[in-house]
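Peer 1: Mind folding the following:
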Amino acid sequence: MLRTSGKELTLSGKNSHPLIRRAISALLLFFLLLFIFFPKQTATALREEKGVKRGFSVFSRDSALFERLMNKCRGECCEKIKELSEKGEADSLLIYILAYVESSFKQYAVSNKGAIGITQIKPDVGKDIAYELKIPFSEELLFDCEYNLKMGVYYFKKMLDTFNDLELAFVAYNMGPTFVLNKLKSGEFISRKYLSRIEKFLEEVRSYEE
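Peer 2: Purely as a prediction, here's the structure:
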């Protein structure tokens, strides 16, 4: 209860002051908007404030590089990558890179952490993606090229949308978004070990048959 000029102002009920009610409503709206937009905006702001090392410029749209990538990739899964690209469902250059660095284009790859298939989807992550995409899920399906690529493309786009940065999207895909957010919040250095594998791979591809 507030008192001003000898009069009492309550914060609720018919006697509530209009200005106070508006202030409370505005405050509630502010916190609601903050809750909705916090993850994406915070990730971007922290990335800029903490000065995450930049300079990851390997994604030039070099037609010769793209041709060499296609020549280096063999098998059913590589054909599926081409199909996804032709349908406009994925940036084939990024997916070729993701498929190589995660599994070396191996359809039946299984990591020591249980990640499966060409884009190395963990079963628990796969379940969440399947729920969001409203598609069936089983671990066996993760060995299917088209199914696995669909999940990998969806998850990578999600990381890119969250962090709005290719470097952070790749690291978050591999290490998890929580790992990246915690590093950004604490101001800790984010290792470029995973990114250096991509850079090394593209350097090899660029010199391929030159």
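
Peer 1: Please count neighbours and contacts with C-alpha atoms only from this point.
Peer 2: Fine.

Peer 1: Regarding Glu188, what is its secondary structure?
Peer 2: coil (DSSP: H, G, I helix; E, B strand; the rest coil).

Peer 1: what about it, distance to Val180?
Peer 2: Glu188 sits 10 Å away from Val180, going by CA to CA, to the nearest Å.

Peer 1: okay, these two: which has more neighbours?
Peer 2: A direct count of neighbours by other CA atoms under 10 Å for Glu188 and Val180 places Val180 higher, at 20 against 12.

Peer 1: In contact with the more buried one: list those residues for me.
Peer 2: Leu168, Val171, Ala172, Ile190 (CA atoms under 8 Å, 6 or more residues apart in numbering).

Peer 1: Counting neighbours, which of these comes out on top?
Peer 2: Leu168 (24 neighbours).

Peer 1: OK, contacts around that residue?
Peer 2: Met159, Leu160, Val180.

Peer 1: wait, is it part of a helix?
Peer 2: Yes - assigned with three-state DSSP, Leu168 falls within a helix.

Peer 1: So what's the residue count around Phe137?
Peer 2: 16.

Peer 1: give me the element it is part of.
Peer 2: Using DSSP states H and E, Phe137 falls within no helix or strand.

Peer 1: what about it, distance to Lys113?
Peer 2: With distances taken as CA to CA, Phe137 is found 19 Å from Lys113.

Peer 1: repeat for Leu160
Peer 2: 23 Å.

Peer 1: so what pLDDT did Phe59 get?
Peer 2: We note a pLDDT of 48 for Phe59 in this prediction.

Peer 1: any idea where the helices of this protein begin and end?
Peer 2: With DSSP state H as the criterion, the chain has helices at 18-50, 63-72, 76-86, 92-103, 123-133, 145-163, 166-175, 177-186, 193-206.
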